[in-house]
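Undergrad: the sequence isn't on hand, but the structure is:
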């Protein structure tokens, strides 16, 4: 149902090329230094070599992500049309045009903003055919350096630390990729079920209407478009992604001070960039779930910072000891609850302080 050629062309058009001068740095040297520091701090030892860093254009980023999306979505969409009978060609044309345009706009918008990406196809059986990649979108990085008034080497070091941390996480925790892939398969199976069993046409109840209005006001479109079972799976996905992102945010700040004299300035600038969308950009960010992504950074980093501050770095290492050790979505907001559940205490046997409501 998606014409990926059309989607890619739209995405490339929307993304543009960027007019900033790309950074002139040695990505390989930055990645090697980052790997040494990240592994020393986290205690994670990659079981395989990390991918070589690649400096790419927005167009190349779009093409890479189109390939990844095809692997995820094509099987689901193909099965979605099997029960349409003689209407299948017409429906596919109609839906295909809409879906292709939507996918193209989404990828194009993201292609303007993403700085770096540890690209890992979230289906474990596809790893051999599509190995992980460590990508840096050079026009966007050059644009960010200019916008922040940052020193180029420092900024690139900071971004590299973040992406290399992701590479170390997945190469150093043998169960992490299969665990995330299993959650993705679960979501895809639920999506197929929804396609195969369309809802009956009816007016929403008063409670449903109130929930929808509240969700829309909060920008939480996910809760409107999913049922209870799907939301439970999404909660688990959000929890693990918050840990993955928050851990990378924590690590990049923890290992960087001697490398980055401007670390406080960089942290303030990147946080401001994530919050600075206005008007149409902010609306589109809500629709794409990018505000949820921001919350994942913030909540995940809060969780990791609190655990280390109150119980030491070794306590944070325990997060990746087994799937059962991962915090739930509720525990990310309440680190003491996670410490109690896994039997860890602070350095003096005290529980960490609760997060301020402010």
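TA: Good, I have the coordinates. All values reported here derive from a predicted model rather than from experimental measurement.
Undergrad: the stretch 101-250 of the chain: strands as residue ranges?
TA: Under the criterion DSSP state E, counting those that start in this stretch, strands of the stretch 101-250 of the chain are mapped to 116-119, 133-137.
Undergrad: rebuild those as JSON lines, extending it with distance to residue 332, mean pLDDT and mean neighbour count.
TA: Glycine gets a C-beta too; all of them are placed from N, C-alpha and C. Below are the strands of the stretch 101-250 of the chain laid out as JSON lines (distance: least, Cβ to Cβ, whole Å; pLDDT from 0 to 100; neighbours: other Cβ atoms under 10 Å):
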{"stretch": "strand 116-119", "distance to residue 332": "21", "mean pLDDT": "92", "mean neighbour count": "21"}
{"stretch": "strand 133-137", "distance to residue 332": "26", "mean pLDDT": "96", "mean neighbour count": "23"}
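Undergrad: of these, give the one that comes closest to residue 267.
TA: strand 116-119 (16.2 Å; Cβ to Cβ).
Undergrad: what pairs with the closest one, parallel or antiparallel?
TA: strand 133-137 (antiparallel) (DSSP bridges).
Undergrad: run the chain-centre distance for the strand it pairs with.
TA: A distance of 14 Å separates the C-alpha centroid of strand 133-137 from that of its chain, computed with Cα atoms, centre = their mean, to the nearest Å.
Undergrad: give me the contacts around it.
TA: With Cβ atoms under 8 Å, 6 or more residues apart in numbering as the contact definition, strand 133-137 has outside contacts at 27, 31, 50-58, 61, 64, 111, 114-119, 159-160, 163-164, 167.
Undergrad: can you lay out the strands of the stretch 101-250 of the chain as JSON lines showing distance to residue 38?
TA: Formatted as JSON lines, the strands of the stretch 101-250 of the chain follow (distance: least, Cβ to Cβ, whole Å):
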{"stretch": "strand 116-119", "distance to residue 38": "12"}
{"stretch": "strand 133-137", "distance to residue 38": "13"}
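Undergrad: between these, which gets nearest to residue 299?
TA: Ranking these by proximity to residue 299 (Cβ to Cβ) places strand 116-119 first, at 20.2 Å.
Undergrad: quick one: low-confidence ranges for this structure?
TA: Low-confidence segments of the chain, defined by pLDDT under 70: 1, 78-96, 123-128, 190-231, 273-296, 345-358.
Undergrad: ok, which of the strands of the stretch 101-250 of the chain comes nearest residue 344?
TA: With respect to residue 344, and counting by Cβ to Cβ, the nearest of the strands of the stretch 101-250 of the chain is strand 116-119 at 28.0 Å.
Undergrad: neighbouring contacts of that closest one?
TA: For strand 116-119, using Cβ under 8 Å, 6+ apart, the contacting residues are 61, 64-65, 68, 132-137, 141, 159-160, 162-164, 166-167, 170.
Undergrad: centre of the chain to it, how far?
TA: 9 Å.
Undergrad: which parts of the stretch 1-150 of the chain are helices?
TA: For the stretch 1-150 of the chain, the helices defined by DSSP state H, counting those that start in this stretch cover 4-15, 27-42, 58-80, 88-113, 138-148.
Undergrad: got a markdown table for those helices, with distance to residue 247 and mean neighbour count too?
TA: Supplementary listing: the helices of the stretch 1-150 of the chain in a markdown table, determined by distance: least, Cβ to Cβ, whole Å; neighbours: other Cβ atoms under 10 Å:
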| stretch | distance to residue 247 | mean neighbour count |
| --- | --- | --- |
| helix 4-15 | 29 | 19 |
| helix 27-42 | 8 | 18 |
| helix 58-80 | 22 | 17 |
| helix 88-113 | 22 | 17 |
| helix 138-148 | 22 | 20 |
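Undergrad: quick one: these as JSON lines, columns for distance to residue 21 too.
TA: Converted to JSON lines, these look like this (distance: least, Cβ to Cβ, whole Å):
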{"stretch": "helix 4-15", "distance to residue 21": "18"}
{"stretch": "helix 27-42", "distance to residue 21": "16"}
{"stretch": "helix 58-80", "distance to residue 21": "15"}
{"stretch": "helix 88-113", "distance to residue 21": "17"}
{"stretch": "helix 138-148", "distance to residue 21": "5"}
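Undergrad: of all these, which one is nearest residue 330?
TA: Distance to residue 330, taken as Cβ to Cβ, is lowest for helix 27-42 among those, at 24.6 Å.
Undergrad: so what angle separates the directions of the closest one and strand 133-137?
TA: Here helix 27-42 points in a direction 120 degrees away from that of strand 133-137 (axes from the mean of the first three to the mean of the last three Cα atoms, to 10 degrees).
Undergrad: neighbouring contacts of helix 27-42?
TA: Counting by Cβ under 8 Å, 6+ apart, helix 27-42 makes contact with 44-46, 50, 52-55, 134, 136, 156-157, 160-161, 164-165, 167-168, 172, 247, 251, 254-255, 313, 317, all of which sit outside it.
Undergrad: and the buried ones among these, selectable in PyMOL?
TA: Isolation of the buried members of these (16 or more other Cβ atoms under 10 Å) is achieved in PyMOL through the command below:
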select buried, resi 44+46+50+53+54+55+134+136+156+157+160+161+164+165+167+168+172+247+251+254+255+317
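Undergrad: isn't residue 180 up against residue 121?
TA: No. With contact defined as Cβ atoms under 8 Å, residue 180 and residue 121 do not form a contacting pair (10.8 Å).
Undergrad: and the helices in the stretch 151-300 of the chain, which stretches?
TA: Using DSSP H, counting those that start in this stretch, the helices assigned to the stretch 151-300 of the chain run over residues 152-172, 176-196, 206-218, 221-225, 228-254, 263-275, 279-288, 290-311.
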